[in-house]
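my questions concern the predicted model and sequence given below.
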Amino acid sequence: MPLITLNAVDVGFGGPLLLEGVGLSIEPGERIALIGRNGAGKSTLLKLLSGEMRPDDGEVRLESGRRVARLEQEVPQDASGSVFDVVADGLGEAGALLARYHHLLLDADVDLDALAQVQARIEAADAWSLDTRVADTLSRLSLDGDADFARLSGGMKRRVLLARALVQQPDLLLLDEPTNHLDIAAIDWLEAFLKQWSGALVFITHDRRFLRELATRIVEVDRGQLTSWPGDWENYLRRRDERLNAEAQENARFDKLLAQEEAWIRQGIKARRTRDEGRVRRLKQMRTERAARRAQTGNVRMAMADAQASGRKVIEARDVRFAHGDTLLVDDFSTVILRGDRIGLIGPNGSGKTTLLKLLLGQLQPQAGSIVQGTQLQIAYFDQYRNTLREDWNAIDNVAEGRDSVEVGGRRKHVLGYLQDFLFTPERARAPITRLSGGERNRLLLAKLFAQPANLLVMDEPTNDLDVETLELLEDLLADYPGTLLLVSHDRDFLDNVVTSTLVMEGHGRVGEYVGGYSDWLRQRPEPAAQPATAPAGEAGETAPTTTPLSNPATGPAPVTSTTPPSAPARRKLGYKDARELDALPARIERLEADIAAFTARMNDPGYFARDAEAITADNAALASLQAELDTAYARWDELEAL
């Protein structure tokens, strides 16, 4: 029997309905990923499931006796007190009594009368078992109940809020962007924890690897409708493209027929009484259907302002050392960054990534060693906290700063047209940015960044709050960026798809340098040494010490990375025949990809399926053969490259 069911639910806030006649059933033990464009209604759907919002029409039916808990996207501003206080708050009035009891016990001058009164109220409410539940939850998530919530890092605050949700023992757990502002170790921990979670789970995430690891089902929110897919990301992408292609072909066929009928009605029939009134009624119905059609939200169109090339050597660091108080963040660090390098920075929150960025950019001076910047540098900085956006300005003023146009891609463009490329309507572009969602603010920051000529792009957590489509477009843009990129990110797929090398904060001041992205680092990193973990101490981006990943309650403390460099794998020289084959493979792959693209373009033509069925079958077989040949070529390339 479903835990919760939505029947014919409508929700709107003016304009087209955000959710229109949708239905959804969630079974016990399911792990459902909600995906869709920014503003499609994902968070609204979570609020419906949690009971925080009622639908305009339709029914949300929760099975009797079942409990639902929700982890919000942002840390609540009013959350304060000790970790115990925040977690116990999930239990309502009984939790408040338990928190009061613990505060009285910790008071040096215990008020025995007040303690007795609170104790009596706890006994009357039969809430002592809840005290044990809070303690068990704190232990399970490796949390110190006496710690001050306000002093925790962003990742640890998210863990405390997760504990507050779990202490309610919900049958259905709702998570809104749970990986935002978490470092990679915390994301790994959360993945492992949720895999062991026995209840049902519905979560929103932009982290594709997190989604692939957890989801047993994918539910897409698109133009007011819900579509359910099996929890296989690659299969979802393929079937979604097939559906959109079929939808485009059907719309093209419908529009062609509508145009023919409009031409017919305008021809001027000589004998009105002989006119086909049934055909006129069908035309009116077709006009109604066309007016009600909801077009898919367009994609962001990104382009960067042109900048002169920097010198070949962008930054050179030699024997750099920097400490914050007694905490050594960078020690004996040397590197050379060349024009065109795309470098990712990886490390726990508070480990010194932002400090290293500031050292490389000259905003901080090293306490030992030297950092020399190259010539003709033009730097653009993406700040994860969006501090470069002025709250008292609208989107137009933030991007144009008093001008009416920007120069992007070698041509001038009116600022309103430029913002429309980032999916801002004229109304949203003129609205105060305090009204913008997190995703809109991130798009605005990207628009501001790309309007500046820059040959050194510095991006600190650019992926937060972006939908997957925008994320993939940003990946493509950065992969083709001719300048130099310094990227701080905890999105593992994003790192793999963008960067060419990584700098890893390995603790005790060591900064490791590795070729490739996150997955390449996992293969190259030193073997871990068995040492206890240390919990993060500072906010994300601060210089408080964090030298190890968060511990996993299920598996014990996470190990600290050893500083012993890995031994290089043995390599053999390619023979003449293999070397010739390797040299020829890129051209062969390029030719196959061009052939596949030509086939796909031909098959996407609206008139393609009017052809003979045998010809279509032959084309499909030829396309499958080309795809198999391409897969084989890529596999052979990987094999020869490994040798």
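Okay, I see it.

tell me where the stretch 201-350 of the chain has strands.
217-222, 225-230, 313-324, 327-338, 342-346 (DSSP state E, counting those that start in this stretch).

top helix in this structure by residue count?
helix 233-265 (DSSP state H).

so it versus strand 217-222, what angle?
30 degrees (axes from the mean of the first three to the mean of the last three C-alpha atoms, to 10 degrees).

low-confidence bits of the protein, can you list those?
Low-confidence segments of the chain (pLDDT under 70): 108, 268-275, 292-307, 384-387, 409-410, 528-577, 604-610, 613, 642-643.

so which residue is smack in the middle of it?
His206 (2.6 Å; C-alpha atoms, centre = their mean).

most tightly surrounded among the strands of the stretch 201-350 of the chain?
Compared across the strands of the stretch 201-350 of the chain, strand 342-346 shows the largest average neighbour count, a mean of 23 (mean count of other C-beta atoms under 10 Å). (Each C-beta comes from the backbone N, C-alpha and C, glycine too.)

what angle do strand 327-338 and that one make with each other?
Going by the same axes, to 10 degrees, strand 342-346 makes 170 degrees with strand 327-338.

check which residues of stretch 44-64 are buried.
Buried residues in stretch 44-64, defined by neighbour count with 16 or more other C-beta atoms under 10 Å: Thr44, Leu45, Leu46, Lys47, Leu48, Leu49, Ser50, Pro55, Gly58, Val60, Leu62.

so how far is Glu93 from the fourth one?
When you say that, I think you mean Lys47. Using C-beta to C-beta, to the nearest Å, Lys47 is found at 23 Å from Glu93.

now the second one
When distance is defined by C-beta to C-beta, Leu45 is 29 Å away from Glu93.

same check, this time on the third one
According to C-beta to C-beta, Leu46 and Glu93 sit 25 Å apart.

do the same with the first one
Computed as C-beta to C-beta, the Thr44 to Glu93 distance reads 29 Å.

tabulate the strands of the stretch 201-350 of the chain (CSV), appending distance to Leu190.
Listed next are the strands of the stretch 201-350 of the chain as CSV, based on distance: least, C-beta to C-beta, whole Å:
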stretch, distance to Leu190
strand 217-222, 19
strand 225-230, 23
strand 313-324, 28
strand 327-338, 26
strand 342-346, 17
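
so which of those strands comes closest to Asn7?
Proximity to Asn7 (C-beta to C-beta) singles out strand 225-230 among the strands of the stretch 201-350 of the chain, at 12.2 Å.

report the angle between the closest one and strand 217-222.
Per the same axes, to 10 degrees, the angle that strand 225-230 makes with strand 217-222 is 160 degrees.

which residues touch strand 225-230?
Here strand 225-230 makes contact (C-beta atoms under 8 Å, 6 or more residues apart in numbering) with 19-20, 22-24, 45, 217-220, 235-236, 239-240, 243.

same thing but at 6 Å, please
Residues outside strand 225-230 that contact it (C-beta atoms under 6 Å, 6 or more residues apart in numbering) are Val22, Leu24, Ile218, Val219, Glu220, Tyr236.

direction included, what does it pair up with?
Strand pairing for strand 225-230, using DSSP bridges, gives strand 217-222 (antiparallel).

gap between the strand it pairs with and the chain center?
Computed by C-alpha atoms, centre = their mean, to the nearest Å, the chain-centroid distance of strand 217-222 equals 15 Å.

quick one on the thing from earlier: the contacts of strand 225-230 into a markdown table, with extra columns for distance to Ala309?
Below are the contacts of strand 225-230 laid out as a markdown table (distance: C-beta to C-beta, whole Å):
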| residue | distance to Ala309 |
| --- | --- |
| Val22 | 52 |
| Leu24 | 53 |
| Ile218 | 43 |
| Val219 | 46 |
| Glu220 | 42 |
| Tyr236 | 41 |
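
between those residues, which is nearest Gly36?
Each of those was scored against Gly36 by C-beta to C-beta, and Glu220 proved nearest at 5.8 Å.

which residue comes closest to the closest one once chain neighbours are left out?
The shortest distance from Glu220 to any non-neighbouring residue, by C-beta to C-beta, 6 or more residues apart in numbering, is to Thr227 (4.7 Å).

next one: Trp264
Closest to Trp264 by C-beta to C-beta, 6+ apart is Arg279, at 7.5 Å.

ok, now Trp128?
Ile122 (6.2 Å).

that neighbour: neighbour count?
Using other C-beta atoms under 10 Å, Ile122 has 18 neighbouring residues.

quick check: which element contains it?
Using DSSP states H and E, Ile122 falls within helix 112-124.

ok, then the element right after that helix?
Downstream of helix 112-124 (by DSSP H and E), the next one is helix 128-140.

list the buried residues of that next one.
Neighbour-count burial for helix 128-140 flags Leu130, Asp131, Arg133, Val134, Thr137, Leu138 (criterion: 16+ other C-beta under 10 Å).

return the residues in contact with the fifth one.
Taking C-beta under 6 Å, 6+ apart as the definition of contact, the neighbours of Thr137 are Ala163, Leu166, Val167.

give me the number of residues near the second one?
Neighbours of Leu166 under the rule other C-beta under 10 Å: 22.

go on, the first one?
A count of neighbours around Ala163, defined by other C-beta under 10 Å, yields 23.

next up, the contacts around it.
Contacts of Ala163 (C-beta under 6 Å, 6+ apart): Val87, Thr137, Leu141.

distance check, the closest residue to the last one other than its chain neighbours against Glu27.
The shortest distance from Leu141 to any residue that is not its chain neighbour, by C-beta to C-beta, 6+ apart, is 4.9 Å, and that residue is Ala163. With distances taken as C-beta to C-beta, Ala163 is found 25 Å from Glu27.

what angle sits between the helix or strand containing Ala594 and helix 233-265?
Using DSSP H and E, Ala594 sits in helix 576-603. Inter-element angle recorded for helix 576-603 and helix 233-265: 30 degrees (by the same axes, to 10 degrees).

so which elements touch helix 576-603?
helix 613-642 (3 or more C-beta pairs under 6 Å, 6 or more residues apart in numbering; DSSP states H and E).
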